[in-house]
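K.L.:
pasting a predicted model and its sequence here:
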Amino acid sequence: MSSLTEIARTLVSNKRGILAADESIGTMSKRLESVGVEPTEENRRLYRELLLTTPELSESISGAILADETFRQVLSDGTTFPAALAGIGVLAGIKVDTGAKPLAGAPGETVTEGLDGLRERLDEYVAMGASFTKWRAVYSIGDGLPTDRTKRANAHALARYAGLCQEAGLVPIVEPEVVMDGDHSLEQCRQVTRAVLQSVFEELSLMEVQLDGIVLKPNMVVAGDGCPDKPTASEVARATVETLSETVPPAVPGIAFLSGGQDPQEATDNLAAMKELAPLPWELTYSFGRALVGPALETWRGSGDQWGAAQDALSERAVANAAVR
Ligand code: 13P
C-alpha cells in the first residue's frame, strides 16, 4: 500500500486533477431532473458510468471522488466502481461527511456532520478500495458571517476527520468552502478565506494531522455571484495565491480547487492565471465538480445517442484544465 504522502502527491502531480462526482443522492437527483432525467438509482449509476468510462480519462484525472451510493454500485459489465477506477489508473475517493447541518446558536450557518462511527466506515471503504476521502465544510459571507463559532466548529470537525482518515491509511481532502452566493467583493472573500484557512490549519496542527499527507481543497478567492464588480482572472489569481501563501504551510503537497459554481471556462482561466505565478511551495490543480461535468450532463440529458458526445464534453474540460501551465 502506498504511503499517505505518495497518494497525496499522486493526486496533485503531473498536471492531473481530481474529478468530484460525489454529489449526494439529493443533489444528484436535482441535477438529473434539471436536464429532464428521472432521478432514479439506476440513472444516477448510469450517469456516473458515463463519466468514469470516458476514454483516456486517466491522462488528465488522477482521482475521482464518489458518493457512498456509487461506491457500492457496479458498471454495466459487473465491475465495481472502485475496481473500474483502479483498472484505468485513477485513484478512488469517497465523500465521508454526512452533510452540512444547521449549527445551534448560529442562524444561517452550518456545521458539517459525520464523525460518529467514521472510524468503522473508513475501514469498510479501505476494504472496498478507497485511497482517499473528502469532507466539505461550508461558510457563507454575510452581515457578521461567518461567525467565529462556525469557523471553530467546522475546523474542529475537519481536523478530527483528517486524523481518523490518516489513521486508516486514507488521504483526507480537507475542503473548507467559502461559497460564492451573495454580493460580497473580492476583498471580503479574501478576508473570510484567510480567516477560515487560518482556523483550519490551527486545528489540523492541534490534532497533529500529517500535513504532507493531505490535499487542501479550497475555494478560489472570487467576488460573490451578485457582486457588480467582476474581478479579472489575474486579480482572482493574485488574491488567491496571496491568501494561500499567508495560511497554507509549504508541507502541504497540493491544493486542488473546487469550482463553486463558476462558469467552466472561467474556472480554467483562473487556474491558468494562478499557475503563471509559479514557483509556489505547493502543487496547484483542480478538483472541480460542476466545471468538469456540467457540460457533459447538459449534453447527455439521458439520451443513449448522446453518450459519446457527453464523454467528449467531459474530456474537453479535463484536458483544458490539465493543459494549463
Ligand atoms: P464544484 O466544483 O461544483 O464546486 O464541486 C466541487 C465539490 O466537490 C464540492 O464539494
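P.N.:
Perfect, thanks for sending it.

K.L.:
going by C-alpha atoms from here, please, whenever you check contacts or count neighbours.
P.N.:
Noted.

K.L.:
right, and the ligand sits closest to which residue of the stretch 51-200 of the chain?
P.N.:
Residue nearest to the ligand within the stretch 51-200 of the chain: residue 136 (5.7 Å; C-alpha to the nearest ligand atom).

K.L.:
residue 129 is in what secondary structure piece?
P.N.:
Counting by DSSP states H and E, there is no helix or strand that carries residue 129.

K.L.:
I figured it hits residue 81, correct?
P.N.:
No: in this structure residue 129 lies outside contact range of residue 81 using C-alpha atoms under 8 Å: 9.4 Å.

K.L.:
OK, contacts around the nearest residue to residue 295 once chain neighbours are set aside?
P.N.:
In space, and not counting its chain neighbours, residue 295 is closest to residue 313: 5.8 Å by C-alpha to C-alpha, 6 or more residues apart in numbering. Counting by C-alpha atoms under 8 Å, 6 or more residues apart in numbering, residue 313 makes contact with 293, 295-296, 299.

K.L.:
the helix or strand hosting residue 313 and the ligand, any residue contact?
P.N.:
Taking DSSP H and E as the definition, one finds residue 313 inside helix 307-322. No: using C-alpha under 6 Å from any ligand atom, we find that helix 307-322 stays clear of the ligand, coming within 12.2 Å at best.

K.L.:
alpha carbons only: can I get that helix in CSV?
P.N.:
Output of helix 307-322 as CSV, limited to C-alpha atoms (Å, rounded to 0.1, in the frame of the first residue of the first chain):
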residue,chain,number,x,y,z
TRP,A,307,-23.3,9.1,-24.7
GLY,A,308,-20.1,9.6,-26.7
ALA,A,309,-20.7,13.4,-27.2
ALA,A,310,-21.2,13.7,-23.4
GLN,A,311,-17.9,11.9,-22.7
ASP,A,312,-16.3,14.2,-25.3
ALA,A,313,-17.6,17.2,-23.3
LEU,A,314,-16.1,15.9,-20.1
SER,A,315,-12.8,15.1,-21.9
GLU,A,316,-12.7,18.6,-23.3
ARG,A,317,-12.9,20.2,-19.8
ALA,A,318,-10.5,17.8,-18.2
VAL,A,319,-7.9,18.2,-21.0
ALA,A,320,-8.3,22.0,-20.9
ASN,A,321,-7.6,22.1,-17.2
ALA,A,322,-4.7,19.6,-17.4
